[in-house]
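In: Just a sequence and a predicted model for now, questions to come.
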Amino acid sequence: MHHLIANEISSRLLDWYGVHHRILPWRLSPSDQLAGKKPDPYAVWLSEIMLQQTTVEAVKSYYYTFIQRWPNIRAMAAASEDEILRAWAGLGYYSRARNLKKAADAIMAKHGGRFPETAAALKTLPGIGDYTSAAIAAIAFGEPIAVVDGNIERVIARLYAIATPLPAAKAEIRQRMGALTPEQRPGDFAQAMMDLGAMICTPRRPACSLCPLNRDCAALAGHDPELFPVKAPKAERPVRTGAAFVAIADDGAILLQKRQDKGLLANMSEVPGSRWSARLDGDTSVAAAPFPAQWEHVGVISHIFTHFELRLSVYRARNVARSTPAHGWWVKQAQLGEEALPTVMKKAIAAALPEAFKQGKRQH
DNA sequence: TAGGCGTGGTA
DNA sequence: TTACCAAGCCT
């Protein structure tokens, strides 16, 4: 009986997907697959890593850049971590980029350059966890496994009116998703659930009248789907302070250095500054300068990280001799776009030099 | 296991 | 402005 209901729900959703699926650069449409085309595991992997906690719109331009520059696992493995970090700069969660390189190396070394084809084997690779391993296995290899991302958590929590708060409800949600997942087309089913969550079963003001599952939805029957999923309250976000020092040579070049290899923004580039962290305020005064110069305070920039807010006092010194700093390297302003600069550092540089990054964000 | 880990868009 | 959200992973 339950099996028949599950079959009914998955069939109706797959029919909906056939008509309403999103067209995405890394996705094969259902009709393409019926015509015999197979998803490229490398493209699926790359897109899934980029999409972790990141919107489709933010990912698109990066995906095009990466798939053109490194079109397969061999090319990715041949790239250096620094090249990959520079191309990733601005997308956030930089451990994803470092793990991309590590996983590519592991696939070359341990799997003969071919992607493992099961979720269990995929999950052993760096940066691939419960969600991503299941997504790649289902989409690229047809493994009938429960794929659970944030969208699917929301859809399932509403469909069954699950009152247990997240993350405690994860086990029940996974079990429900597993019961719905069909033996045939598990990848399309997972993507259909995600598309439903992204377009219809949205966090706020879901479009229930358009939902192919509205007749089955317990939360809708209870008249307020927005009450689900129930979530535990989040910790508040502390404010931290620090200082950043933009040293400018007489030809306009800027002094950069590399961050440590662990923690926040690991292995990315930065301008010199005081030591700040999510737990500790840094010195905001000119006393934190990396070397003596005519430092002028040019303002305070604010940047929101997931777990804290950073307010950086930005100082500038012009006509700094290139021989002054003990370490780091000088970069002309026209070349800044090629550096592994996180957005917070671009903001600091822009505060000191409004003409830098004048073009703003990268184009599509 | 709960917290560390980015960024940009939206209301 | 503030708060929350978006295809999570790792320790």
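Out: In hand now; what should we look at?

In: remind me which residues of chain A are low pLDDT?
Out: A:1-2, A:358-364 (pLDDT under 70).

In: domains for chain A, by residue range?
Out: Domain assignment of chain A by automatic domain parsing yields the ranges A:2-227, A:239-352.

In: mind giving me a markdown table with those domains and columns for mean neighbour count and distance to residue A:233?
Out: The way it works is simple: take the backbone N, C-alpha and C, and place the C-beta from them, glycine included. Below are those laid out as a markdown table (neighbours: other CB atoms under 10 Å; distance: least, CB to CB, whole Å):
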| stretch | mean neighbour count | distance to residue A:233 |
| --- | --- | --- |
| domain A:2-227 | 17 | 9 |
| domain A:239-352 | 17 | 15 |
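
In: Adding distance to DNA strand B, write the ones you listed out as JSON lines.
Out: Formatted as JSON lines, those follow (distance: least, CB to the nearest atom of the strand, whole Å):
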{"stretch": "domain A:2-227", "distance to DNA strand B": "3"}
{"stretch": "domain A:239-352", "distance to DNA strand B": "3"}
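
In: host element of the residue nearest to residue A:71 when sequence neighbours are not counted?
Out: Nearest residue to residue A:71 in three dimensions, chain neighbours excluded: residue A:42, at 8.0 Å (CB to CB, 6 or more residues apart in numbering). Per DSSP states H and E, residue A:42 falls inside helix A:41-51.

In: contacts for that helix?
Out: When contacts are defined by CB atoms under 8 Å, 6 or more residues apart in numbering, helix A:41-51 is touched by residues A:24-27, A:59, A:62-63, A:66-67, A:71-73, A:76, A:91, A:96, A:99-100, A:103, A:115, A:117, A:127-128, A:132, A:135-136, A:139-141.

In: Just the ones of those residues in helices?
Out: Of those, the ones assigned to helices by DSSP state H are A:59, A:62-63, A:66-67, A:73, A:76, A:96, A:99-100, A:103, A:132, A:135-136, A:139-141.

In: which bits of chain A sit near DNA strand C?
Out: By CB under 7 Å from any atom of the strand, the residues of chain A that approach DNA strand C are A:22, A:24, A:26-27, A:47-48, A:51-56, A:93, A:95, A:99, A:126-133, A:135, A:149-151, A:154, A:191, A:194-195, A:197-198, A:202-203, A:231, A:234, A:237, A:304, A:306.

In: if we go to 6 Å?
Out: For chain A, the residues in contact with DNA strand C (CB under 6 Å from any atom of the strand) are A:24, A:27, A:48, A:51-56, A:93, A:99, A:126-132, A:149-151, A:194, A:197-198, A:203, A:234.

In: Could I get the contacting residues of the residue in chain A that DNA strand C sits nearest to?
Out: Per CB to the nearest atom of the strand, residue A:129 is where chain A lies closest to DNA strand C, at 2.7 Å. Residues in contact with residue A:129 (CB under 8 Å, 6+ apart) are residue A:123.

In: at 6 Å what do you get?
Out: When the contact criterion is CB atoms under 6 Å, 6 or more residues apart in numbering, residue A:129 has no partners at all.

In: Could you check how far it is from residue A:95?
Out: As for residue A:129, its distance to residue A:95 is 12 Å (criterion: CB to CB, to the nearest Å).

In: ok, now residue A:297?
Out: 33 Å.

In: do the same with residue A:243
Out: Relative to residue A:95, residue A:243 is positioned 26 Å away (CB to CB).

In: Secondary structure element holding residue A:350?
Out: Per DSSP H and E: helix A:343-352 holds residue A:350.

In: what do you get for residue A:57?
Out: Judged by DSSP H and E, residue A:57 forms part of helix A:56-69.

In: ok, and what's touching the longest helix seen in chain A?
Out: With secondary structure taken from DSSP H, chain A has its longest helix at helix A:2-20. For helix A:2-20, contacts defined as CB under 6 Å, 6+ apart pick out A:30, A:179-180, A:182, A:189, A:192, A:212, A:216.

In: For residue A:203, which non-adjacent residue is spatially closest?
Out: residue A:154 (6.6 Å).

In: wait, doesn't that neighbour sit right on residue A:196?
Out: No - applying CB atoms under 6 Å as the test, residue A:154 and residue A:196 come out as separate, 9.5 Å apart.

In: returning to that earlier point: the helix holding residue A:350 packs against which elements?
Out: Using 3 or more CB pairs under 6 Å, 6 or more residues apart in numbering; DSSP states H and E, the elements in contact with helix A:343-352 are strand A:239-247, strand A:296-304, strand A:309-317.

In: What lies in contact with the next helix or strand after the last one?
Out: Moving toward the C-terminus from strand A:309-317, the first helix or strand encountered (DSSP H and E) is strand A:329-331. The contact list for strand A:329-331 (CB under 6 Å, 6+ apart) reads A:249, A:253-256, A:322, A:339.

In: That's all I had, so thanks and see you.
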